[in-house]
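# Give me a model of this one.
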Amino acid sequence: MTESFLHYIWQFQYFGKENLSTSAGEALQIFQPGFRNANAGPDFSEAKIKIDSLEWRGSVEIHIKASGWNDHHHGDDQAYENVILHVVWENDKPIKRTDGTVMPTLELKNRVSLVLWNRYKKLFTSVESIPCSNHWPKVSALVKLSMLEKTVVQRLELKAQGVMDILAKNHNDWEETCYHVLFKNFGFKVNAEPMLQLACSLPFKILLKHPAQLEALLFGQAGFLEKAKADEYVIELKREYELLKNKYNLTNKMMNKAQWKFLRLRPGNFPTVRLAQAAALFRSHQNLFSKILETTDYKGLLTIEQSAYWQQHYQFGKKSKAKVPGIGKTSIDNILINTIAPLLTAYGKVHDDESYIERAVALLQGVPAENNKITREWAQLSYKVNSAFDSQGLIELYNNFCLKRRCLECAVGSTIIQS
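Residues are numbered from 1 along each chain as shown. The predicted model follows:
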């Protein structure tokens, strides 16, 4: 038995109520099981019950065995003083309150259908990464959609919280925050942390003052210029960076080239190319966040080409045989999903304006679905993934429900268990 299963049974009242009574033989009626508490304290709050002739309002605590009350030292915690009912699978020991009175206890062991338990157990112990994979095709599309809507919003809010954490560090400066979030995303996982470190070491207000020297500032601060093969372009960047480095005291925060990863990356994803593209983006749109709020043509906003040198080079001093492309369609989609949508959601939450969150959701619905290991697993279940709205929801469902076996909190899992 698991406490999560007991929480589920109590929340939805999936147990026999014939001649319902406490372990002391008192007649019991349940008017309201209460609301699940995700924070510290009793498991359910604001419950309403009747024991014999007295009505009670308060909290409900749940354990597999009644003795769990003492094991968790609830008797010493004032937060549990308002518990009106102790719900347990097995009442192995009478529990007393601090005033010596016996805690009203409901034992569920002989009131829950074993069929229900066995269905849950099969899901919980499944060896498949998606535990309901055998049942998934049989669940109605409406149930799947309702769960997908929940998980995509949950994923958006999680990413938005990351944006708001950065915003707090930047003293509520949205342009600086957009710069940090975008740079991290431009690292595309492999170089995400170095890109974020670079943005943190080089304040956005400095970039704004020197739009013509963006590449000098970025490549110099990233540590790429120190040992770069000297050509006319590199010599000019070094000269510009030396002046600006001394002017703004950047030396102590300068990064080392060894922090950047090139191994096993396609040339188009080399950090040198990504930095050149980022420089072009901020040169074209100096107040990028303001543009994000104003426009709905986000793809047009991100469609740029890097400078002439980086249209012919993937690395310093090594000329490419073919033209180096600008930001590709897949990369733009990635930025829309992982930068623009979270920024809009965070802005909407901070300003209590749902319209920006709705824009973020609409944005995801208009972006093609991601193609990765997780989305391919769902595709094997014959589930059509049409847009980033679907893929983001399915990624969240997979990571935070399927892998963690939170089937009881999933509309799909709950439907299978009840069926």
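# Identify the residues contacting the nearest residue to residue 316 once chain neighbours are set aside.
Excluding its sequence neighbours, the residue lying closest to residue 316 (CB to CB, 6 or more residues apart in numbering) is residue 228, at 4.0 Å. (Glycine included, C-beta is placed from N, CA and C.) Going by CB atoms under 8 Å, 6 or more residues apart in numbering, residue 228 touches 219, 234, 238, 316-317.
# is it possible to export these to CSV including distance to residue 305, secondary structure and pLDDT?
Output for those, formatted as CSV (distance: CB to CB, whole Å; DSSP: H, G, I helix; E, B strand; the rest coil; pLDDT from 0 to 100):
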residue, distance to residue 305, secondary structure, pLDDT
219, 18, helix, 97
234, 21, helix, 95
238, 24, helix, 96
316, 19, coil, 94
317, 21, coil, 90
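# Can you get me a residue count around residue 253?
15 (other CB atoms under 10 Å).
# quick one: contacts for residue 375?
Residue 375 sits next to 369, 385, 391, 394-395 when contact means CB under 8 Å, 6+ apart.
# residues of the helix or strand harbouring it that come out buried?
Using DSSP states H and E, residue 375 maps to helix 373-379. If you call a residue buried by 16 or more other CB atoms under 10 Å, then helix 373-379 has these buried ones: 374-375, 377-378.
# Now render those residues as JSON lines, adding distance to residue 206.
Putting the buried residues of helix 373-379 into JSON lines (distance: CB to CB, whole Å) gives the following:
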{"residue": "374", "distance to residue 206": "39"}
{"residue": "375", "distance to residue 206": "40"}
{"residue": "377", "distance to residue 206": "45"}
{"residue": "378", "distance to residue 206": "44"}
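# returning to what we had before: just give me the closest of the contacts of residue 375 to residue 106.
residue 394 (38.2 Å; CB to CB).
# Can you spell out the domain ranges of the protein, please?
Split into domains by automatic domain parsing, the chain comes to 3-112, 129-169+335-419, 174-327.
# Just the terminal-to-terminal distance for the last one.
According to CA to CA, to the nearest Å, domain 174-327 extends 24 Å from its N-terminal end residue to its C-terminal end residue.
# go on, the shortest one?
Between the opening and closing residues of domain 3-112 lies a distance of 14 Å (CA to CA).
# who does the longest strand seen in the chain pair up with?
When the chain is parsed with DSSP state E, its longest strand is strand 54-65. Partner strands and pairing direction for strand 54-65 (DSSP bridges) are strand 44-51 (antiparallel), strand 83-90 (parallel).
# quick one, strands of the stretch 301-419 of the chain?
313-315, 318-319 (DSSP state E, counting those that start in this stretch).
# Could you tell me how far the first one lies from the centre of the chain?
Looking back up the chat, that one is strand 313-315. Distance of strand 313-315 from the chain centroid (CA atoms, centre = their mean, to the nearest Å) equals 34 Å.
# The top helix by length along the chain: which residues count as buried?
Ordering each helix of the chain by length in residues (DSSP state H) puts helix 141-169 first. Buried residues in helix 141-169, defined by neighbour count with 16+ other CB under 10 Å: 144, 147-148, 150-156, 159-160, 163-164, 166-167.
# For residue 387, see how far away residue 375 is.
For residue 375, the distance to residue 387 (CB to CB, to the nearest Å) stands at 11 Å.
# what do these two both touch?
With CB under 8 Å, 6+ apart as the test, residue 375 and residue 387 both reach residue 369.
# what about the helices in the stretch 1-150 of the chain?
Ranges of helices within the stretch 1-150 of the chain are 3-12, 68-71, 114-124, 141-169, based on DSSP state H, counting those that start in this stretch.
# Dump the ones you listed to JSON lines, plus distance to residue 307 and mean pLDDT.
Shown next, in JSON lines, are the helices of the stretch 1-150 of the chain (distance: least, CB to CB, whole Å; pLDDT from 0 to 100):
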{"stretch": "helix 3-12", "distance to residue 307": "56", "mean pLDDT": "90"}
{"stretch": "helix 68-71", "distance to residue 307": "65", "mean pLDDT": "92"}
{"stretch": "helix 114-124", "distance to residue 307": "55", "mean pLDDT": "87"}
{"stretch": "helix 141-169", "distance to residue 307": "28", "mean pLDDT": "96"}
